[in-house]
Each structure stands twice: as C-alpha cells, then as structure tokens.
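Peer 1: Sequence first, predicted model second:
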Amino acid sequence: MHKGAWSKQEDQKLIDYITKHGEGCWRDLPKAAGLLRCGKSCRLRWMNYLNPNLKRGNFSEDEDDLIIKLHALLGNRKIAGKNR
C-alpha cells in the first residue's frame, strides 16, 4: 500500500476508472484501477477532491440564508447528516 500524497498519475487512474466503470465497491476498486492504495483512500480522494460534481468556493447569500433557516428549524445533526 502506498501512503502519503497522491500523484497526478494516481489521480488520473482513479478518474479514468470511475468515469468508465462508475463508483462501485471501494474495497475492490484500487486493484481493478491499478492503484496501490486502500479503498478508503480512493473513496476519500474521489469524494473530497476529484469528483467533478463538487462545489468549491464560498456559499451564495441564498445558501447562507437557507443554512441559517434550516439550522433554526432542525439543529446541527439534521443539516450535517445524510437523512439517517
């Protein structure tokens, strides 16, 4: 297993694999994609850095207002959780 910073080549292998095959079993993905990483590392890299659907930057004023209203209505756990 490789630990530490991801190289551009590793990022590209992960992007190429998920683009072609989609997100599947994260445990099996590294071997299938030719990566020397654990599944958890691949999942976190995809979810937090590489996923093209990630929104980066500041919240808009409307988003700020919505967060404040939802917090007043639901509290911390309901906003941060994924409908558990």
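Peer 2: Nice, thanks for sending it over. Nothing here was measured: the structure is a model prediction, and the numbers come from that model. Numbering: from 1, shown residues only.
Peer 1: what about residue 30, neighbour count?
Peer 2: 23 (other C-beta atoms under 10 Å). Quick note: C-beta positions are derived from backbone N, CA and C, even for glycine.
Peer 1: Tell me where the protein has helices.
Peer 2: Secondary structure of the chain (DSSP state H): helices located at 8-21, 29-33, 39-45, 61-74, 76-80.
Peer 1: And the first one, what does it pack against?
Peer 2: Helices and strands in packing contact with helix 8-21 are listed as helix 29-33, helix 39-45; criterion 3 or more C-beta pairs under 8 Å, 6 or more residues apart in numbering; DSSP states H and E.
Peer 1: okay if I get these as CSV plus distance to residue 54 and mean pLDDT?
Peer 2: Formatted as CSV, the helices and strands packed on helix 8-21 follow (distance: least, C-beta to C-beta, whole Å; pLDDT from 0 to 100):
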stretch, distance to residue 54, mean pLDDT
helix 29-33, 19, 95
helix 39-45, 12, 96
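Peer 1: what would the ones you listed look like in a markdown table with distance to residue 23?
Peer 2: Formatted as a markdown table, the helices and strands packed on helix 8-21 follow (distance: least, C-beta to C-beta, whole Å):
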| stretch | distance to residue 23 |
| --- | --- |
| helix 29-33 | 8 |
| helix 39-45 | 8 |
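Peer 1: right, and those - which one's nearest residue 8?
Peer 2: Within the helices and strands packed on helix 8-21, the stretch nearest residue 8 is helix 39-45; the backing value is 12.3 Å (C-beta to C-beta).
Peer 1: can you list the domains in this protein?
Peer 2: Here the domain parsing of the chain from automatic domain parsing is 8-50, 57-84.
Peer 1: Point out the most buried one among these.
Peer 2: Ranked by mean neighbour count, these are led by domain 8-50 with a mean of 15 (mean count of other C-beta atoms under 10 Å).
Peer 1: Understood, closing this out.
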